[in-house]
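Peer 1: got a sequence here, can you build the structure:
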Amino acid sequence: MAIGGDVMGMLCKGVEYAIYGDDYDSINWFDKPAAITKAQFTAGFAQYDAWKAEQEAKAASDKTALLAKLGLTVDELKTLMS
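Peer 2: Model prediction:
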């Protein structure tokens, strides 16, 4: 389950802010215009789990592709790392 900081990280990359809890009204934009609306923030909670799963799948795919370029399997990498 997402928390406010998770949602902000997904929606506001590269934006300076501070958030306290899960409430939109607690976001401090440091005297700059709000980067997202309250509706976007609220909708982000429903979108976060799918977005996070997509990010994790991409990271796993990237890792597999890199290992393939190196000619290694996951098990071979684990052996090398131990």
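Peer 1: and the strands in this structure?
Peer 2: Counting by DSSP state E, the chain forms no strands at all.
Peer 1: report the central residue of it.
Peer 2: The centroid of the chain falls nearest to Met10 when counting by Cα atoms, centre = their mean (5.0 Å).
Peer 1: I figured that residue hits Ala46, correct?
Peer 2: No - contact status for Met10 versus Ala46: not in contact, 11.5 Å apart, counting by Cβ atoms under 8 Å. For the C-beta atoms, the positions are set from N, CA and C on the backbone; glycine is no exception.
Peer 1: what about the protein, any weak spots by pLDDT?
Peer 2: Filtered on pLDDT under 70, the chain yields no residues whatsoever.
Peer 1: which non-adjacent residue is nearest Ile3?
Peer 2: Asp22 (5.8 Å; Cβ to Cβ, 6 or more residues apart in numbering).
Peer 1: give me the contacts around stretch 10-20.
Peer 2: Where contact means Cβ atoms under 8 Å, 6 or more residues apart in numbering, the residues beyond stretch 10-20 that reach it are 4-5, 8, 26-30, 32, 35-36, 40-41, 44, 47-48, 51-52.
Peer 1: likewise stretch 70-77?
Peer 2: Thr64, Leu67, Leu80.
Peer 1: got phi/psi on the nearest residue to Asp49 once chain neighbours are set aside?
Peer 2: Excluding the flanking residues, the one nearest Asp49 by Cβ to Cβ, 6+ apart is Ala2, at 6.7 Å. Phi and psi for Ala2, reported as degrees, to the nearest 10, are phi -70, psi 150.
Peer 1: enumerate every residue touching Ala2.
Peer 2: Here Ala2 is in contact with Gly44, Phe45, Tyr48, Asp49, Lys52 (Cβ under 8 Å, 6+ apart).
Peer 1: looking at the residues you listed, which has the most residues close by?
Peer 2: Ranked by neighbour count under the definition other Cβ atoms under 10 Å, the contacts of Ala2 are headed by Gly44 with 21 neighbours.
Peer 1: state the distance from the nearest residue to it once chain neighbours are set aside to Ser26.
Peer 2: What sits nearest to Gly44 in space, not counting adjacent residues and going by Cβ to Cβ, 6+ apart, is Val7, at 3.9 Å. For Val7, the distance to Ser26 equals 12 Å [Cβ to Cβ, to the nearest Å].
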